[in-house]
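> Kindly return the folded structure for what I paste below:
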Amino acid sequence: MEIKTFKNPEATAKAFADYLCEIQQEVNRLNIALSGGSTPKLLFEILVNKYSDKIEWPKFHFYWGDERCVPPTSGESNYGMTHEYLFQHLEIPEENIHRVFGECDPDEEAVRYGKLISENLPPINGLPQFDLIILGLGEDGHTASIFPHQMELLTSKDVCEVAEHPISGQKRITLTGSVINNAKEVCFLVTGDAKAEKVNEILSITGDCERYPATYIKPTHGNLIWFLDKAASGK
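Residues are numbered from 1 along each chain as shown. Presented below is the predicted three-dimensional model:
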(Lines give C-alpha, C1' and ligand atoms only; values in the text may rest on other atoms or scores of the structure.)
Protein backbone atom coordinates (compact mmCIF):
# COMPACT_ATOMS: atom_id res chain seq x y z
CA MET A 1 0.00 0.00 0.00
CA GLU A 2 1.15 3.50 -0.84
CA ILE A 3 -0.15 6.72 0.70
CA LYS A 4 0.30 10.01 -1.16
CA THR A 5 -0.68 13.28 0.50
CA PHE A 6 -1.07 16.67 -1.21
CA LYS A 7 -1.86 20.17 0.00
CA ASN A 8 -5.43 20.51 -1.32
CA PRO A 9 -8.06 18.82 -3.54
CA GLU A 10 -6.70 20.47 -6.70
CA ALA A 11 -3.17 19.22 -6.07
CA THR A 12 -4.53 15.76 -5.29
CA ALA A 13 -6.50 15.61 -8.53
CA LYS A 14 -3.53 16.89 -10.53
CA ALA A 15 -1.27 14.24 -9.02
CA PHE A 16 -3.76 11.58 -10.03
CA ALA A 17 -3.89 13.01 -13.56
CA ASP A 18 -0.10 12.69 -13.70
CA TYR A 19 -0.45 9.10 -12.50
CA LEU A 20 -2.86 8.37 -15.38
CA CYS A 21 -0.33 9.79 -17.83
CA GLU A 22 2.28 7.40 -16.48
CA ILE A 23 0.29 4.18 -16.47
CA GLN A 24 -1.15 4.71 -19.96
CA GLN A 25 2.35 4.36 -21.40
CA GLU A 26 2.56 0.76 -20.24
CA VAL A 27 -0.52 -0.60 -22.05
CA ASN A 28 -2.39 -0.56 -25.35
CA ARG A 29 -5.74 -0.71 -23.58
CA LEU A 30 -6.72 0.39 -20.10
CA ASN A 31 -9.95 -0.84 -18.52
CA ILE A 32 -10.86 1.64 -15.81
CA ALA A 33 -13.77 1.80 -13.36
CA LEU A 34 -14.74 5.34 -12.41
CA SER A 35 -16.23 6.77 -9.24
CA GLY A 36 -18.74 9.51 -8.57
CA GLY A 37 -18.36 12.36 -6.12
CA SER A 38 -16.79 15.81 -5.84
CA THR A 39 -13.14 14.75 -6.13
CA PRO A 40 -13.61 12.83 -9.42
CA LYS A 41 -15.57 15.83 -10.73
CA LEU A 42 -12.57 18.04 -9.98
CA LEU A 43 -10.30 15.44 -11.60
CA PHE A 44 -12.41 15.46 -14.77
CA GLU A 45 -12.24 19.25 -15.00
CA ILE A 46 -8.45 19.16 -14.66
CA LEU A 47 -8.17 16.39 -17.27
CA VAL A 48 -10.22 18.45 -19.74
CA ASN A 49 -8.48 21.77 -19.10
CA LYS A 50 -4.86 20.66 -18.68
CA TYR A 51 -4.45 17.07 -19.87
CA SER A 52 -6.71 16.67 -22.90
CA ASP A 53 -3.71 16.39 -25.24
CA LYS A 54 -1.59 14.32 -22.82
CA ILE A 55 -3.95 11.38 -22.41
CA GLU A 56 -4.33 8.83 -25.21
CA TRP A 57 -8.09 8.61 -24.85
CA PRO A 58 -8.72 5.79 -27.39
CA LYS A 59 -6.73 3.48 -25.07
CA PHE A 60 -9.21 3.95 -22.24
CA HIS A 61 -12.35 1.86 -21.78
CA PHE A 62 -14.59 3.37 -19.13
CA TYR A 63 -16.80 1.48 -16.68
CA TRP A 64 -18.26 2.45 -13.30
CA GLY A 65 -17.54 1.05 -9.87
CA ASP A 66 -21.09 1.87 -8.88
CA GLU A 67 -24.14 3.66 -10.19
CA ARG A 68 -27.43 4.82 -8.75
CA CYS A 69 -30.51 3.23 -10.29
CA VAL A 70 -31.61 6.41 -12.04
CA PRO A 71 -31.76 7.47 -15.72
CA PRO A 72 -28.54 8.85 -17.25
CA THR A 73 -30.17 12.30 -17.42
CA SER A 74 -30.65 12.42 -13.65
CA GLY A 75 -28.51 14.77 -11.61
CA GLU A 76 -27.70 11.77 -9.39
CA SER A 77 -26.22 9.69 -12.22
CA ASN A 78 -22.47 9.03 -12.01
CA TYR A 79 -22.44 8.49 -15.76
CA GLY A 80 -24.30 11.77 -16.27
CA MET A 81 -21.75 13.66 -14.19
CA THR A 82 -18.88 12.06 -16.10
CA HIS A 83 -20.49 12.95 -19.41
CA GLU A 84 -21.03 16.55 -18.34
CA TYR A 85 -17.56 17.15 -16.95
CA LEU A 86 -15.41 14.83 -19.09
CA PHE A 87 -16.84 12.97 -22.07
CA GLN A 88 -18.63 15.79 -23.88
CA HIS A 89 -15.42 17.83 -23.97
CA LEU A 90 -13.20 15.12 -25.46
CA GLU A 91 -13.08 12.86 -28.49
CA ILE A 92 -13.63 9.51 -26.84
CA PRO A 93 -14.93 6.66 -29.03
CA GLU A 94 -18.53 5.84 -28.15
CA GLU A 95 -17.68 2.15 -28.00
CA ASN A 96 -15.17 2.86 -25.20
CA ILE A 97 -17.89 4.04 -22.81
CA HIS A 98 -19.67 1.22 -20.99
CA ARG A 99 -22.30 2.74 -18.72
CA VAL A 100 -24.59 1.07 -16.23
CA PHE A 101 -28.20 1.19 -17.40
CA GLY A 102 -29.49 2.75 -14.21
CA GLU A 103 -32.93 3.15 -15.72
CA CYS A 104 -33.43 -0.62 -16.02
CA ASP A 105 -34.52 -3.23 -13.48
CA PRO A 106 -31.73 -3.34 -10.86
CA ASP A 107 -31.49 -7.12 -10.54
CA GLU A 108 -31.45 -7.64 -14.30
CA GLU A 109 -28.95 -4.82 -14.79
CA ALA A 110 -26.55 -6.21 -12.18
CA VAL A 111 -26.49 -9.46 -14.16
CA ARG A 112 -26.17 -7.72 -17.55
CA TYR A 113 -23.38 -5.38 -16.43
CA GLY A 114 -21.51 -8.19 -14.73
CA LYS A 115 -21.72 -10.26 -17.90
CA LEU A 116 -20.52 -7.32 -20.02
CA ILE A 117 -17.50 -6.80 -17.77
CA SER A 118 -16.70 -10.52 -17.77
CA GLU A 119 -16.82 -10.63 -21.56
CA ASN A 120 -14.67 -7.52 -22.06
CA LEU A 121 -11.99 -7.94 -19.40
CA PRO A 122 -9.34 -10.65 -19.06
CA PRO A 123 -10.10 -13.31 -16.43
CA ILE A 124 -7.71 -13.64 -13.49
CA ASN A 125 -8.45 -15.92 -10.54
CA GLY A 126 -11.83 -16.70 -12.08
CA LEU A 127 -12.92 -13.04 -12.11
CA PRO A 128 -12.52 -10.16 -14.60
CA GLN A 129 -9.50 -7.97 -13.90
CA PHE A 130 -9.65 -4.20 -14.21
CA ASP A 131 -6.42 -2.33 -14.90
CA LEU A 132 -7.54 0.45 -12.56
CA ILE A 133 -10.44 1.03 -10.19
CA ILE A 134 -10.97 4.50 -8.72
CA LEU A 135 -12.74 4.60 -5.36
CA GLY A 136 -14.04 7.23 -3.01
CA LEU A 137 -14.70 6.97 0.72
CA GLY A 138 -18.02 7.78 2.36
CA GLU A 139 -18.27 9.35 5.80
CA ASP A 140 -19.68 6.03 7.02
CA GLY A 141 -16.70 4.12 5.64
CA HIS A 142 -18.47 2.81 2.54
CA THR A 143 -16.77 2.57 -0.84
CA ALA A 144 -18.25 2.00 -4.29
CA SER A 145 -21.81 1.24 -3.11
CA ILE A 146 -20.77 -1.31 -0.51
CA PHE A 147 -22.27 0.02 2.72
CA PRO A 148 -21.63 -1.14 6.30
CA HIS A 149 -25.01 -2.90 6.50
CA GLN A 150 -24.21 -5.00 3.40
CA MET A 151 -20.73 -6.30 4.19
CA GLU A 152 -21.58 -9.53 2.37
CA LEU A 153 -21.07 -7.66 -0.91
CA LEU A 154 -17.36 -7.62 -0.13
CA THR A 155 -17.08 -11.38 -0.58
CA SER A 156 -19.81 -12.04 -3.15
CA LYS A 157 -18.67 -14.26 -6.01
CA ASP A 158 -20.68 -12.21 -8.50
CA VAL A 159 -19.16 -9.38 -10.51
CA CYS A 160 -21.94 -6.94 -9.67
CA GLU A 161 -24.63 -6.81 -7.01
CA VAL A 162 -27.62 -4.64 -6.17
CA ALA A 163 -26.87 -2.42 -3.18
CA GLU A 164 -29.25 -0.31 -1.13
CA HIS A 165 -28.54 3.03 0.48
CA PRO A 166 -28.97 2.61 4.26
CA ILE A 167 -31.06 5.78 4.71
CA SER A 168 -32.89 6.49 1.45
CA GLY A 169 -33.27 2.88 0.38
CA GLN A 170 -32.21 3.90 -3.13
CA LYS A 171 -30.96 0.94 -5.12
CA ARG A 172 -27.58 0.97 -6.80
CA ILE A 173 -25.44 -1.32 -8.92
CA THR A 174 -21.97 -1.92 -7.48
CA LEU A 175 -18.88 -3.92 -8.21
CA THR A 176 -18.32 -6.49 -5.49
CA GLY A 177 -15.32 -6.51 -3.20
CA SER A 178 -14.08 -9.66 -4.92
CA VAL A 179 -13.79 -7.85 -8.26
CA ILE A 180 -12.33 -4.69 -6.72
CA ASN A 181 -9.64 -6.71 -4.94
CA ASN A 182 -8.87 -8.53 -8.19
CA ALA A 183 -7.77 -5.32 -9.96
CA LYS A 184 -4.21 -4.50 -10.98
CA GLU A 185 -4.43 -1.05 -9.42
CA VAL A 186 -6.92 0.35 -6.92
CA CYS A 187 -6.76 4.04 -6.05
CA PHE A 188 -8.71 5.86 -3.37
CA LEU A 189 -9.25 9.56 -4.10
CA VAL A 190 -10.24 11.20 -0.82
CA THR A 191 -10.31 14.88 0.10
CA GLY A 192 -11.79 17.01 2.88
CA ASP A 193 -11.64 16.97 6.67
CA ALA A 194 -15.00 15.20 6.93
CA LYS A 195 -13.20 12.03 5.85
CA ALA A 196 -10.16 12.41 8.13
CA GLU A 197 -11.43 10.32 11.05
CA LYS A 198 -12.36 7.35 8.86
CA VAL A 199 -9.13 7.60 6.85
CA ASN A 200 -7.07 7.53 10.04
CA GLU A 201 -8.95 4.54 11.48
CA ILE A 202 -8.68 2.56 8.24
CA LEU A 203 -5.00 3.26 7.64
CA SER A 204 -3.95 2.73 11.26
CA ILE A 205 -6.30 -0.24 11.82
CA THR A 206 -7.87 1.38 14.89
CA GLY A 207 -11.28 2.38 16.21
CA ASP A 208 -14.24 0.88 14.38
CA CYS A 209 -12.32 0.18 11.18
CA GLU A 210 -13.60 -3.41 11.01
CA ARG A 211 -17.09 -1.98 10.44
CA TYR A 212 -16.04 -0.02 7.34
CA PRO A 213 -16.16 -1.72 3.93
CA ALA A 214 -13.22 0.39 2.72
CA THR A 215 -10.98 -1.34 5.29
CA TYR A 216 -11.29 -4.58 3.33
CA ILE A 217 -10.11 -3.19 0.01
CA LYS A 218 -6.76 -4.92 -0.28
CA PRO A 219 -5.92 -6.03 -3.84
CA THR A 220 -4.90 -9.68 -3.90
CA HIS A 221 -2.23 -9.34 -6.57
CA GLY A 222 -2.37 -5.62 -7.33
CA ASN A 223 -1.38 -2.26 -5.92
CA LEU A 224 -3.35 -0.05 -3.54
CA ILE A 225 -2.69 3.70 -3.54
CA TRP A 226 -4.39 6.34 -1.40
CA PHE A 227 -4.41 9.85 -2.90
CA LEU A 228 -5.27 12.22 -0.04
CA ASP A 229 -5.26 15.93 0.56
CA LYS A 230 -3.94 17.26 3.88
CA ALA A 231 -7.43 17.73 5.27
CA ALA A 232 -8.41 14.11 4.63
CA SER A 233 -5.12 12.87 6.04
CA GLY A 234 -5.69 14.80 9.26
CA LYS A 235 -2.30 16.46 8.96
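
> and residue 188, what element?
strand 185-190 (DSSP states H and E).

> Show me what that strand is packed against.
Packing partners of strand 185-190 (3 or more CB pairs under 8 Å, 6 or more residues apart in numbering; DSSP states H and E): helix 9-23, helix 38-50, strand 132-135, strand 223-229. Heads up, the C-betas are built off the backbone N, CA and C, glycines and all.

> try it again with 10 Å
strand 2-6, helix 9-23, strand 30-34, helix 38-50, strand 132-135, helix 196-204, strand 223-229, helix 230-233 (3 or more CB pairs under 10 Å, 6 or more residues apart in numbering; DSSP states H and E).

> I'd say residue 87 and residue 72 touch.
No: using CB atoms under 10 Å, residue 87 is not in contact with residue 72; the gap is 11.2 Å.

> so how many other residues sit close to residue 20?
19 (other CB atoms under 10 Å).

> what about the closest residue to it other than its chain neighbours, distance to residue 21?
In this structure, residue 20 finds its nearest non-sequential neighbour in residue 55, 6.4 Å apart by CB to CB, 6 or more residues apart in numbering. According to CB to CB, to the nearest Å, residue 55 stands 7 Å off from residue 21.

> which residues are in contact with both of those two?
Contact criterion CB atoms under 10 Å, 6 or more residues apart in numbering; residues shared by residue 55 and residue 21: residue 47.

> Looking at the two, which is more packed in?
Legend: neighbour count by other CB under 10 Å for residue 55 and residue 21, higher for residue 55 (17 against 14).

> returning to that earlier point: compare residue 87 and residue 72 (neighbour count), which wins?
Comparing residue 87 with residue 72 by other CB under 10 Å, the one with more neighbours is residue 87, at 20 against 16.

> Which residue lies closest in space to that one, excluding its sequence neighbours?
According to CB to CB, 6+ apart, the nearest residue to residue 87 is residue 97 (6.6 Å).

> Kindly report the same for residue 30.
residue 131 (4.8 Å).

> ok, the one you found - contacts?
Residue 131 touches 23-24, 26-27, 29-33, 59-61, 121-122, 183-185, 222, counting by CB under 10 Å, 6+ apart.

> And for residue 192?
Residue 192 is in contact with 9, 38-39, 137, 139, 199, 228-229, 231-232, counting by CB under 10 Å, 6+ apart.

> so what's the backbone phi/psi at it?
phi 100, psi 140 (degrees, to the nearest 10).

> And residue 173, by the same measure?
Here residue 173 shows phi and psi, under degrees, to the nearest 10, equal to phi -100, psi 130.

> beta partners for it?
Assessed by DSSP bridges, residue 173 has beta-bridge partners residue 67, residue 162.

> returning to what we had before: touching, the residue nearest to residue 87 and residue 88? I think so.
No: using CB under 10 Å, residue 97 makes no contact with residue 88, being 11.2 Å away.

> out of the two, which sits in the busier spot?
Shown here are residue 97 and residue 88; by other CB under 10 Å, residue 97 has more neighbours (15 against 10).

> Give me the pLDDT for that one.
Per-residue pLDDT puts residue 97 at 99.

> gap between it and residue 119?
With CB to CB as the criterion, residue 97 and residue 119 are 16 Å apart.

> And residue 164, by the same measure?
Taken as CB to CB, the span from residue 164 to residue 119 is 27 Å.

> check contacts around residue 215.
Here residue 215 is in contact with 141, 143, 154, 198, 201-203, 205, 208-209 (criterion: CB under 10 Å, 6+ apart).

> Next one: it, what pLDDT does it get?
98.

> Pretty sure it sits in a helix.
Yes: the assignment for residue 215, made by DSSP: H, G, I helix; E, B strand; the rest coil, places it in a helix.
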